[in-house]
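Enquirer: Here's a sequence, model it:
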Amino acid sequence: MKLKFLLSALSFVAVLQTTTAQNVGINSSGTAPNVDAMLDIVSTTKGLLIPRMTSTQRIAIAATPATGLLVYDITLNNFYYFDGSSWVLLATGANSDWKLTGNASTSPSTNFLGTTDAQDLVFKTNNTEKMRILSGGNVGIGTSAPGQLLEVNGGNILAWKYAGNPNIIQRRSNGSVGAEANLVANDVIGYNNFQAYQSSGSWPNVVRVGAEADGAHTSTSLPSRLIFSTTPSGSSTLIERMRISNAGNVGINNNAPTQPLDVTGNVQFSGALMPGGSAGTSGQVLTSAGAGAVPTWGALGQSSTTYFSTGNIQISDNVGFYFIPGFPVTINVPANCKVLISGGIGVNGTGNGSSALSVVAADVAVIVDNAFMPAGLYQRIIVNNTHPTKFQYASFSQAITLTQGSHTIGFGAFGAPTASQPLGTAVANANRFTIGGTSASVFVGELTVTFIKN
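Expert: Numbering: from 1, shown residues only. Next up, the predicted model:
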């Protein structure tokens with residue numbers, strides 16, 4: 001027994017002497033180690049077990065571990081080696097690194113491109129930084145210190161789409177993700193701010209285009225407005241200049257427009273003012289036609305409008321009063337004005353054909369507010385068997401006074417049995433008068449209303 005132990009000890013000493021002088025081989029076959037290896041381990045049934053430790057233990061090995069030191073981190077389940085300045089992950093597994101040709105069988109919950117510590121992620125081309133994602137999440141293109149979620153410096157942003165319209169979309173809701181809620185009045189939907197450098201080192205907003213809720217939003221109603229703001233000279237504060245309300249009303253220096261264009265302040269024109277498409281003529285003035293109506297151009301101190309009949313009437317037996325087709329019309333009398341009424345209408349009369357002396361007549365008048373006007377605004381047309389047919393143009397001209405506001409006016413006609421009957425008397429056998437006509441007829445009625453300033 002003692003002899004066997006002595007022989008084993010001598011053999012071990014011999015091996016130590018051999019490996020110390022050259023290199024070391026560990027195997028079960030006695031094969032010499034590879035001449036290029038300091039340690040050559042051969043086995044088909046066992047492996048090499050690297051020192052295993054937690055992340056805390058790994059980091060605490062030494063202030064500056066030996067370069068090339070290898071350990072297995074059981075906290076992160078990965079091999080790490082020290083490169084001379086920091087611990088570096090030794091990539092293992094099919095998806096332990098991102099390949100230039102792409103990876104397969106990845107899982108978004110565990111595989112990602114980025115960092116696992118509070119360090120920025122940098123993207124470079126030609127060894128020059130082009131984009132950076134800060135540890136806080138801000139993305140910078142052309143800047144290494146983005147102050148917003150996305151900041152682009154030194155270039156343009158282009159939205160391009162081959163089919164349809166390219167869109168830049170801003171969304172806003174109340175509530176939270178998965179529990180969104182409608183906006184309430186005056187909530188900001190989104191702003192497009194334009195900033196300029198200020199010598200103090202700041203970048204204030206100098207122009208803004210903004211969208212806001214113009215009332216509470218519901219599932220069927222989303223009233224919204226658009227607001228335009230600029231910064232005046234001598235100030236660094238934005239001031240609203242114009243807004244478009246949810247009703248489409250435009251306010252300039254007016255944040256509550258009630259008309260399609262509502263301006264607070266002076267208005268300057270460099271071209272023509274064209275109500276109803278008309279620029280008027282030199283020397284004319286613009287006169288209001290009342291709420292909702294297009295104003296008209298007229299001579300200084302007056303404005304005129306002409307109205308026409310659209311058909312005729314025939315005076316029939318015992319019918320009383322008729323308005324000529326196309327009348328009455330409504331006029332709006334301005335304040336401090338006289339009203340000049342002028343015009344005429346064609347009348348065709350036929351006698352009764354009897355040999356006895358017979359006179360028939362028709363009264364044609366201008367009717368204002370369903371009342372007869374004084375002399376000058378009515379005429380009596382008479383025919384008899386001596387003049388069996390008679391065409392006459394009844395003409396009128398008279399200045400009257402009407403109160404400011406709305407009035408009705410038009411041509412009307414009565415029959416009268418004899419020339420001595422009073423105005424407006426109904427008549428028998430007086431269906432011999434045709435009064436008025438269309439614009440294509442010589443009988444057309446033409447009534448001009450002129451407002452003359454007092």
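Enquirer: so where does I50 fall, helix or strand?
Expert: Assigning secondary structure by DSSP states H and E places I50 outside every helix and strand.
Enquirer: Spit out the contact partners of it.
Expert: Residues near I50 by CB atoms under 8 Å, 6 or more residues apart in numbering: L70, V71, Y72, F79. Heads up, the C-betas are built off the backbone N, CA and C, glycines and all.
Enquirer: among the residues you listed, which are in strands?
Expert: The members of the contacts of I50 that map onto strands under DSSP state E are L70, V71, Y72, F79.
Enquirer: Need these in TSV (columns: pLDDT, distance to L447 and neighbour count).
Expert: Formatted as TSV, these follow (pLDDT from 0 to 100; distance: CB to CB, whole Å; neighbours: other CB atoms under 10 Å):
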residue	pLDDT	distance to L447	neighbour count
L70	94	110	12
V71	95	109	20
Y72	94	108	17
F79	91	105	16
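Enquirer: Could you find the closest non-adjacent residue to A289?
Expert: Take A289 and drop its neighbours on the chain: the residue closest to it by CB to CB, 6 or more residues apart in numbering is P295, 5.5 Å away.
Enquirer: So that neighbour versus V263, what's the distance?
Expert: Using CB to CB, to the nearest Å, P295 is found at 16 Å from V263.
Enquirer: quick one on the thing from earlier: wait, isn't the residue nearest to A289 in contact with S288?
Expert: Yes. A contact is recorded between P295 and S288 when judged using CB atoms under 8 Å, the distance being 5.0 Å.
Enquirer: Who has more neighbours out of these two?
Expert: Between P295 and S288, counted using other CB atoms under 10 Å, the more crowded position is P295 (16 against 13).
Enquirer: Could you measure from the more buried one over to I400?
Expert: Counting by CB to CB, the gap from P295 to I400 is 23 Å.
Enquirer: same question, N249
Expert: Distance, N249 to I400, by CB to CB: 39 Å.
Enquirer: Please say which of the two ends up with more neighbours.
Expert: In this view N249 and I400 are compared by other CB under 10 Å, and N249 has more residues nearby, 17 against 14.
Enquirer: My guess is that one contacts Q259. True?
Expert: Yes. Between N249 and Q259 there is a contact under CB under 8 Å: 6.0 Å.
Enquirer: List the strands paired with the longest strand anywhere in the chain, with their directions.
Expert: In the chain, assigned by DSSP E, the strand with the most residues is strand 337-350. Partners of strand 337-350 in the sheet, by DSSP bridges, are strand 389-400 (antiparallel), strand 433-437 (antiparallel), strand 446-453 (antiparallel).
Enquirer: most packed of the ones you listed?
Expert: Across the strands paired with strand 337-350, averaging neighbours per residue (mean count of other CB atoms under 10 Å) puts strand 433-437 on top, at a mean of 24.
Enquirer: If you count neighbours, what's buried in stretch 154-164?
Expert: By neighbour count on 16 or more other CB atoms under 10 Å, the buried set for stretch 154-164 is empty.
Enquirer: Just give me how far that stretch sits from the chain centre.
Expert: Stretch 154-164 has its C-alpha centroid displaced from the chain centroid by 20 Å (CA atoms, centre = their mean, to the nearest Å).
Enquirer: For the residue nearest to P65 when sequence neighbours are not counted, give the beta-bridge partners.
Expert: Closest residue in space to P65, ignoring its immediate chain neighbours: F82 at 4.3 Å, by CB to CB, 6+ apart. Beta-bridge partners recorded for F82 (DSSP bridges): W87.
Enquirer: Would you quantify the distance from F82 to G68?
Expert: As judged by CB to CB, F82 and G68 stand 7 Å apart.
Enquirer: what residues are shared contacts of those two?
Expert: By CB under 8 Å, 6+ apart, no residue touches both F82 and G68.
Enquirer: which of the two has more neighbours?
Expert: Neighbours were counted for F82 and for G68 using other CB under 10 Å; F82 has more, 19 against 9.
Enquirer: count of neighbours near I252?
Expert: Residues near I252, counting by other CB under 10 Å, number 15.
Enquirer: hang on, isn't it packed against T264?
Expert: Yes. Checked against CB under 8 Å, the pair I252 and T264 is within contact range at 7.0 Å.
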